[in-house]
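> How does the following fold in three dimensions:
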Amino acid sequence: MRILPCSALIIHLAAGAAYSQTFTDLQIKLGVSYATDNGETPGNIWRSSGSVIVGKPVATTFSRGENCAAWSVSSAVGDVREDATTGWNIETTAIRVVRDAITFRLRWVRYAALRQQFDQIPLESGKAFRMPNEDIELTMRPGESAVVDTVRVPAGLKTMEGRTCRGSASIRVSVDHYPEEEDDRRLVAADLWLIERLSNGSEAQRSQVLSVRGLPNHPFRFYFDRVVDANFPLDIFGFLTARLESGATAVTIETRCRWGHANSPGFYGPQQFVESAVVVKPDEIVEVRLPKLDADAGPFARREFSIRIRARQLR
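Sure thing, here's the model as predicted:
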């Protein structure tokens, strides 16, 4: 069993850059959002790069009709809707990937989309009425996004979801995990134990083995049994995210420690938060030491806890 202090884990996370030509767990997405009476609302039009391949350009064509929700997207340049009034040629190319951060080049043009001319206007054409002076380079992690372009649309019309348009729509670029959650058939299991190191150097197991399951790259919750000393409670819980690597599972743990009694509804007492990261090989148990609790943690002040982890891919 390996024992890793929290500070070493954070250094490990920062130093663990990895490079590869194809990244099967990451994607670059382009999608549409509208300004509506409910704020910015994601549309149902989007396109994924699929698994990211460094150096491979991915072309996308967006087009918009008269209605605020009348959008189309295609992988074929020039494939616009019949009533298109505006069109975009967008190209994304991954340059490098460091862990889950993708650096990519974004090139795009917007112009009046006359269908008979659209497929004959290349990305570099001077006929485009807006084109960046140079390629845009962005670095994003899953969950991050940026606006590519914003246009005015007829206000007062309804989207497909029945919301009222407020006069603008945007094309956004984002990075996310791949495949989509509803399409992912893989499954990861993790066994966790809560351990306390006593002042005499011995150990006390403070919970039964806790087994949790979830999808790779998506956080799933865990809750240890409450620990009580002199009628003073301590709750340790959090989120675990597993990323599959060659021959191992990279695990990130967000641990929250909460102690004391709630004095009123909505007040849950002091908390301590720490994020740790470790790589677990098959059939290996790794121990993550948590920081000592704060001085106001009653009978738990300055006491030492750790979490032992065993992770594996089930399918």
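
> For the chain, name the helix or strand with the lowest mean pLDDT.
Counting by mean pLDDT, DSSP states H and E, the chain has its least confident helix or strand at helix 6-15, which shows a mean of 36.

> all helices of the stretch 201-315 of the chain, in order?
With DSSP state H, counting those that start in this stretch, there are no helices along the stretch 201-315 of the chain.

> next one: the stretch 51-200 of the chain
Using DSSP H, counting those that start in this stretch, helices in the stretch 51-200 of the chain cover 115-118.

> could you point out which element follows the least confident helix or strand of the chain?
strand 22-23 (DSSP states H and E).

> Report the mean per-residue pLDDT for that next one.
Regarding strand 22-23, the rounded mean pLDDT is 92.

> partners of it, with directions?
When pairing is defined by DSSP bridges, strand 22-23 lines up against strand 52-53 (antiparallel).

> how distant is the partner strand from the center of its chain?
The offset between the C-alpha centroid of strand 52-53 and the centroid of the whole chain comes to 17 Å, using CA atoms, centre = their mean, to the nearest Å.

> contacts for that strand?
21-23, 26-28, 94, 97, 102, 178 (CB atoms under 8 Å, 6 or more residues apart in numbering). Every residue, glycine included, has its C-beta placed from N, CA and C.

> again, only using 6 Å
22-23, 26, 94 (CB atoms under 6 Å, 6 or more residues apart in numbering).

> what ranges do the strands span in the stretch 51-200 of the chain?
With strands called from DSSP state E, counting those that start in this stretch, the stretch 51-200 of the chain shows them at 52-53, 57-64, 71-74, 86-98, 101-112, 136-140, 145-152, 165-177, 188-197.

> would TSV of these with distance to residue 260, mean pLDDT and mean neighbour count be doable?
As requested, the strands of the stretch 51-200 of the chain are exported to TSV (distance: least, CB to CB, whole Å; pLDDT from 0 to 100; neighbours: other CB atoms under 10 Å):
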stretch	distance to residue 260	mean pLDDT	mean neighbour count
strand 52-53	46	96	20
strand 57-64	52	92	21
strand 71-74	52	92	20
strand 86-98	41	92	20
strand 101-112	38	90	19
strand 136-140	39	95	15
strand 145-152	38	90	14
strand 165-177	37	88	20
strand 188-197	18	95	18
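
> Dump those into TSV; add distance to residue 274 as well.
Formatted as TSV, these follow (distance: least, CB to CB, whole Å):
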stretch	distance to residue 274
strand 52-53	30
strand 57-64	38
strand 71-74	42
strand 86-98	23
strand 101-112	22
strand 136-140	25
strand 145-152	28
strand 165-177	23
strand 188-197	14
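
> Could you check these and tell me which one is nearest residue 33?
strand 165-177 (5.2 Å; CB to CB).

> Show me what the closest one is packed up against.
strand 26-36, strand 145-152 (3 or more CB pairs under 6 Å, 6 or more residues apart in numbering; DSSP states H and E).

> Could you figure out how far that strand is turned away from strand 136-140?
70 degrees (axes from the mean of the first three to the mean of the last three CA atoms, to 10 degrees).

> Between strand 57-64 and strand 165-177, find me the angle.
Going by the same axes, to 10 degrees, strand 165-177 makes 160 degrees with strand 57-64.

> List the contacts of strand 165-177.
25, 27-36, 62, 68, 102, 140, 142, 144-150, 152-153, 155, 157, 217.

> strand partners of it, parallel vs antiparallel please.
strand 26-36 (antiparallel), strand 145-152 (antiparallel).

> Next, the angle from the longest one to strand 86-98.
In terms of direction (the same axes, to 10 degrees), strand 26-36 departs from strand 86-98 by 140 degrees.

> same thing with the shortest one?
Computed with the same axes, to 10 degrees, the direction of strand 145-152 lies at 170 degrees from that of strand 86-98.

> Let me see the contact set for residue 104.
Here residue 104 is in contact with 92, 94-95 (CB under 6 Å, 6+ apart).

> how close does it get to residue 200?
Computed as CB to CB, to the nearest Å, the residue 104 to residue 200 distance reads 55 Å.

> measure residue 81 to residue 102 for me?
Distance from residue 81 to residue 102, by CB to CB: 30 Å.

> on that earlier part again, which one of the helices and strands packed on strand 165-177 lies nearest to residue 291?
Nearest of the helices and strands packed on strand 165-177 (CB to CB): strand 26-36, 31.3 Å.

> picking up where we left off before, closest to residue 282 out of the contacts of residue 104?
Nearest to residue 282 among the contacts of residue 104, with distances taken as CB to CB, is residue 94, at 29.9 Å.
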